[in-house]
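Participant: Dropping a prediction and its sequence here:
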Amino acid sequence: MSALRVALCAATYRRPQGLRRLLNAVAALEMRTEQARRFDVVIVDNSAEGQARPLVEEAAAAFPWPLHYVSEPRRGITFARNAALMRAAELGADAVAFIDDDEFPDPGWLDALLNRRSVSGAAVVLGAVQPLFPPGTPGWIVSSGFFETHRFADGATISDAHTANVLIDLHVLRRHGLSFDHRFALRGGEDTLLFRDLLNAGERMVYAADAVVYEAVPESRARLGWLMRRWYRTGNVEAELFLRGHEASRWRPAVNGLRGLLRVAAGSGLFAANLLVLGLGERRRIVRPLYTLCRGCGLIASTLGHDHLEYRDVHGA
């Protein structure tokens, strides 16, 4: 497979500490593969005032890779990520690697993504995200696995992906005319929808177990309330995916509502049963049914036109 020009892209919004940590880790990447002779870093600043510009320009002076600053003042993660795709195309990139500004990569991260792409030829390569919790995080949250992403065997074909750690063939995106849907600018879930569209177009996605990034979980997220809102939003996205199905019909909104009601009933029943049997002693097991309950509420709410705007608030610095 011929050498690639890769654009490593990250959107940032008022997280200077996280962005500095990310840039430091990217500067320390170890590139051994021959698959990435051309490697650019693209930082898209989603703040209207261009808050990240001084930090990026300061880092660019001594950065080991070409570092590009892009301003995208239109608020929303889809605007920022599409701006990254546009700049990557302007740079002549063949592939884009996405990472978030509250994450930082293992030194061999990008190398592992590229090696897996070289072996598989897949349009999308997904890596692992490992959460790092702040001091004082309740033990049941750390051990619960609620912040873990799904793990698969190295090279396994997968049916879902996200932009927290992924390599995407830019030519494939262009061929199918795909980008991030601006209806989800503040809602989130736009990456799930994009990758589902790629699957429906016949493209393949694989997993790279050694391509690891670390997510710095802020205190504001390391709590049950945030998890419940995230699960609720997951139900919102599930409802949208169902409505976009190949057999979409006027009955699908009603079916979404019914599916939501069933999940609410099941989650509520299991939560009550766990609470009755276990008391408060095993909080991880007690809380687990709330995933089903909140996801059901999200299904119902989305059917009624109410969605959680996850990217309205900033978590972390």
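Facilitator: Perfect, thanks for sending it.
Participant: Look at Asp210 and give its secondary structure.
Facilitator: strand (DSSP: H, G, I helix; E, B strand; the rest coil).
Participant: Give me the distance between it and Val119.
Facilitator: Using Cβ to Cβ, to the nearest Å, one gets 12 Å for the distance from Asp210 to Val119. From N, CA and C alone the C-beta is placed, and that goes for glycine too.
Participant: Tell me where the model's unsure across the chain.
Facilitator: 1-2, 33-38, 245-249, 279-281, 313-317 (pLDDT under 70).
Participant: Let me see the domain layout of it.
Facilitator: 5-216, 224-312 (automatic domain parsing).
Participant: The first one spans what distance, first to last residue?
Facilitator: The separation between the terminal residues of domain 5-216, taken as Cα to Cα, to the nearest Å, is 29 Å.
Participant: and what of the last one?
Facilitator: In domain 224-312, first residue to last residue: 19 Å (Cα to Cα).
Participant: do stretch 120-127 as well
Facilitator: 14 Å.
Participant: Equivalent analysis for stretch 209-222, please.
Facilitator: Terminal-residue distance, stretch 209-222 (Cα to Cα): 25 Å.
Participant: Looking at the domains of the chain, which one is packed in the most?
Facilitator: Stretch with highest mean neighbour count among the domains of the chain: domain 5-216 (a mean of 19; mean count of other Cβ atoms under 10 Å).
Participant: what about the residue nearest to Gly136 when sequence neighbours are not counted, which SS state?
Facilitator: Residue nearest to Gly136 in three dimensions, not counting chain neighbours: Glu219, with 7.6 Å by Cβ to Cβ, 6 or more residues apart in numbering. Three-state call for Glu219 (three-state DSSP): coil.
Participant: doesn't Pro134 make contact with Glu219?
Facilitator: Yes: applying Cβ atoms under 8 Å as the test, Glu219 and Pro134 come out as touching, 5.2 Å apart.
Participant: Pull up the overlap in contacts between the two.
Facilitator: When contacts are counted by Cβ atoms under 8 Å, 6 or more residues apart in numbering, Glu219 and Pro134 have no shared neighbour.
Participant: and for stretch 264-282, what are the contacting residues?
Facilitator: 285-286, 288-297, 300.
Participant: before we move on, what about stretch 17-29?
Facilitator: 8, 10, 12, 41, 43, 52, 55-56, 59, 63-65, 67, 99, 101-105, 107-111, 216, 316-317.
Participant: Can you show me the strands along the stretch 51-200 of the chain?
Facilitator: 67-71, 95-99, 103-105, 124-132, 157-158, 165-169 (DSSP state E, counting those that start in this stretch).
Participant: can you redo the ones you listed as TSV with distance to Gln17?
Facilitator: Formatted as TSV, the strands of the stretch 51-200 of the chain follow (distance: least, Cβ to Cβ, whole Å):
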stretch	distance to Gln17
strand 67-71	18
strand 95-99	16
strand 103-105	11
strand 124-132	14
strand 157-158	32
strand 165-169	20
